[in-house]
Every structure is written in C-alpha cells, then in structure tokens.
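**Student:** Based on what follows, work out the 3D shape:
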Amino acid sequence: MSISPERAQELQEQYQELKETILDINKKYSLNYQEPQLDLPPTLGLQPLEFVTKTEEELRALAAADVTPNYQNKLRNFEQSYLRQKQSLEGKRFRLSESSRKKLAQLLDGYNADIKKLRRRLINNGLIFSSVVTQANDNALVEYNNKVSETVTHYDNLISQVDTDLAELENRYTQGLNSLDDELALRINEQYQDLLYRQEKDAERIEKYNKSLSEKETKYQASCQKALEYARQAEWDRALKAAALYAELGESGVEAQKVSEKYHYCKQFFTGWLREEALLVVADDAFLIAHLGDYYNSLIDWINTALAPS
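**Tutor:** Have a look, this model is predicted:
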C-alpha cells in the first residue's frame, strides 16, 4: 500500500494526540507538584457601549428636521389657498372696475345719443332756439348725472366690499402665518422633549448594559479563580496519590505500572487503524521507544497481528 504525503501528514497530526496523552501519564505519576496552567482567556473581552450624548442644540436641530416637512406642507397648502382667494378677489375687483367703466361709457353714449335725438326732434318742431331746448338739455344732463352717480355709488360699494374682503384675507393670512409659526415652535419643542426623554432612556439602558458587562467580568474572574483553586487541589490530590502509590509499589513498581498504562493506551489508540498506517507512525519512533521500553516491541507485534492490512 502506498501512503500519500497528505495522508502521512494526517496520521502524524493524529499521532500527536497520543504523545500528549503519554506525557499526561507521566504527569499523573509525578511526585512533583506542578502549578496548573489553565487554558482560559484572561478576560471575557466584552466591549462596553459608548453613549455619546447630544447637546440641546443638536437635539433641537433633529427635532426641527423631524417636524419641519409637515410644517412646510401645511404652509404650502395655506399659501396656495391664500393666493387662490386673493387672485379670485382681485379678479372680481378688476371685473367690477371694468363693469363700472363700461356702464359709465354706456351712460355717456346714451346721454349723447339722447341729446342728438332731442335736438333733431326740436329742430323738426322749430323749437331749436327756444327755452324749451335749454330746459330739455338741463333735464337730460340731470338725469345723466343721477345715473352716473348711482352707477358710481353702486360699483364703489361693490369694490369697497371686495377691498374689505381683501383686507380681511390679508389679515387672516398674517394671522395664519403667525399661527403656523407658533405651531411649528410648539411641535419642535414637543419633539425635542421626546428626543431628550428617549436619549435619557437610551443612556440608562446603555449604563445598565455596561454595568452588566462589569458584573459578568467580575463573575468570570471569580470563576477562573475558583477553577484554578480546584485545579490546584486536584494537582495536590494527584501528587499525594502518586506519593502513596510510590510508598505502596516502590519506584520500580510505579514505573512498571506507568509503562503498562502507556502500552495499553497505545493499543486502544491504534485500534481501528490500518496496519501499514500504524507502522508508518510508530516504526523506529524515538519517542515511543523511550516511553515504552520493552513494551515497544510488544506494540509492534500487536500491530502486526491485531490490525488489518490495507
């Protein structure tokens, strides 16, 4: 069987686990106390959140940005309504002025036409130089002036009402602008208060969260200390147990038990491997030879008889 370089590398990496266990067996029987080296990070590494408090000016700017679009929409609708009403009233005023001008022109044309008719009638009757003509002219002029006066008064009253409506519209427009400005200021302040409240709540939550991180770190450090104490106690118990075993079996007896344990673990480790792969790893391996002694040859024999060939 040909074992590829990649597979050989994998086998060596697995074999490192066996080496570590054999070294652990050595530690198990050691009489020396060894300070435990726990593989624990020195800290949880929890990062607290940083809360940046916004100034009143910044909060009010945010509040204004939130409510201004609605204000601008209301203002736009209000101004459009105002302009429509103003244009309507100004159009009405213009039409009344035009109607007044046309009516007065009609009256003047009518007056002139009436005078001409009167003169023709008087001439036809031979009265052109009599006092009747003068009286007739005077009567026609009085009637004309009365109609002009009535027309002017009529249209002046109508135009005056439109001017009054325009003035009232301007007044309502000014009041409406002031009202919208007041509403804007009120809404900005309300939004500012809401943002300020939410900022305070966010600050409280972050402070609480950061405090919980500190508490977790404190508990973690306490648990690490406790784990170290347990490990130290376990190490003392192990050393005492090893000392008792040395007292019971002697140094040679302990050494024999230690090597035997290593050998049996090697058999357990290689169970399931292919023979050629196991031999590739253990053949002439200085580490195993040093730790197994005479058991090294026993391991080779076991591999050759117990493991399946490829």
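
**Student:** quick one: residue 272 from residue 108, how far?
**Tutor:** In this view, residue 272 and residue 108 are 128 Å apart by C-beta to C-beta, to the nearest Å. (Each C-beta comes from the backbone N, C-alpha and C, glycine too.)

**Student:** Show me the strands in the stretch 1-150 of the chain, by range?
**Tutor:** Along the stretch 1-150 of the chain, no segments are classed as strands by DSSP state E, counting those that start in this stretch.

**Student:** which stretches of it have low pLDDT?
**Tutor:** Along the stretch 1-150 of the chain, the model assigns pLDDT under 70 to residues 1, 122-123, 125-133.

**Student:** change it to 80
**Tutor:** 1-2, 118-137 (pLDDT under 80).

**Student:** ok, residue 272 and residue 108, which is more surrounded?
**Tutor:** residue 108 (13 against 9; other C-beta atoms under 10 Å).

**Student:** contacting residues for the more buried one?
**Tutor:** residue 144 (C-beta atoms under 8 Å, 6 or more residues apart in numbering).

**Student:** Can you get me a residue count around residue 178?
**Tutor:** Residue 178 is flanked by 10 other residues according to other C-beta under 10 Å.

**Student:** helices and strands around the strand or helix carrying it, which ones?
**Tutor:** Assigned by DSSP states H and E, residue 178 belongs to helix 131-270. Applying 3 or more C-beta pairs under 8 Å, 6 or more residues apart in numbering; DSSP states H and E, one finds that helix 131-270 contacts helix 5-28, helix 56-124, helix 286-292, helix 295-306.

**Student:** can you list those in JSON lines and add distance to residue 156?
**Tutor:** Output for the helices and strands packed on helix 131-270, formatted as JSON lines (distance: least, C-beta to C-beta, whole Å):
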{"stretch": "helix 5-28", "distance to residue 156": "111"}
{"stretch": "helix 56-124", "distance to residue 156": "8"}
{"stretch": "helix 286-292", "distance to residue 156": "123"}
{"stretch": "helix 295-306", "distance to residue 156": "128"}
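
**Student:** ok, so what distance separates the residue sitting nearest the centre point of the chain from residue 53?
**Tutor:** For the chain, residue 202 is the residue whose C-alpha lies nearest the centre (C-alpha atoms, centre = their mean; 13.7 Å). Using C-beta to C-beta, one gets 9 Å for the distance from residue 202 to residue 53.
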